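In: Have a look at this prediction, sequence included:
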Amino acid sequence: MNIQKLFPTPIAFSKNSNHNKIKNKLIKTCNILKNKINTGGKNWASKVYNTCQSYDIHTDKNFIKINNFVFTEVDKFAYSLNFTGNKILCSNSWFNFYSKYDYQEYHDHDGADISVVYFLKGSKNTGDLMFKSPEPPGIFSVYDPKNELTFKTARVKPEPGLLVLFKSNLIHGVDQNKTNETRISLAYNFKVIRQ
């Protein structure tokens, strides 16, 4: 039997080799901005601090090194999705602070085409990035952790320096931070502008 994976859900991972060189400055910048900027992202059940719709980090020169890394990886991901020949523009960007018990409910990024999450600070129990399968419910399946064809959800442990890229319509959320350590992530949305 030949099983083909015809409708895959692409999620890309890229490790920033320069993370340790830039992390301290970025963490300091995020802490300074957090004390100056009101939280964004209204209408959430969770009360996590973020600058979604209140401050775009892709326009801040303090984030230029991480922005360059993110934009380069997004171009590679867009190429793999055959979005070539189109402009890929960052439409918005922000940072998130997950303190103890903070979480982010499941959602998508309606209106964007590519979304990314960059783990700036955190460890294994500070809140997994969780993805839901886009396959509709109602099909019998038996979960096998060794067989990705049976997955209904997937989790990504926070790992500083890791960039996760995905199509913006993929439902995702963040598990509750169960530690006293603050988890900081950066998020970006990109729009494909047809040429």
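Out: Structure's in. What do you need? Numbering: from 1, shown residues only.
In: Helix, strand or coil: sort out residue 127 for me.
Out: Three-state call for residue 127 (DSSP: H, G, I helix; E, B strand; the rest coil): coil.
In: Residue 134 and residue 7: what is the separation?
Out: Distance of residue 134 to residue 7, computed by C-beta to C-beta, to the nearest Å: 8 Å. Bear in mind the C-beta positions are built from the backbone N, C-alpha and C, glycine included.
In: Between the two, point out the one with more neighbours.
Out: A side-by-side neighbour count of residue 134 and residue 7, using other C-beta atoms under 10 Å, places residue 134 first with 12 against 7.
In: Need the nearest residue in space to that one, chain neighbours excluded.
Out: The shortest distance from residue 134 to any non-neighbouring residue, by C-beta to C-beta, 6 or more residues apart in numbering, is to residue 9 (5.9 Å).
In: tell me the contacts of the one you found?
Out: 131, 133-134, 166-167, 170 (C-beta atoms under 8 Å, 6 or more residues apart in numbering).
In: Please enumerate the helices of the protein.
Out: 19-34, 64-80 (DSSP state H).
In: check contacts around the residue nearest the centre of the chain.
Out: For the chain, the residue lying nearest the average C-alpha position, counting by C-alpha atoms, centre = their mean, turns out to be residue 117 (2.3 Å). Residues near residue 117 by C-beta under 8 Å, 6+ apart: 129, 163-164, 185-187.
In: hmm, try it at 7 Å
Out: 129, 164, 185, 187 (C-beta atoms under 7 Å, 6 or more residues apart in numbering).
In: I'd like those residues as TSV, with pLDDT, distance to residue 96 and neighbour count appended.
Out: TSV is the format used below for the contacts of residue 117 (pLDDT from 0 to 100; distance: C-beta to C-beta, whole Å; neighbours: other C-beta atoms under 10 Å):
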residue	pLDDT	distance to residue 96	neighbour count
129	98	11	21
164	98	13	20
185	98	5	27
187	98	7	22
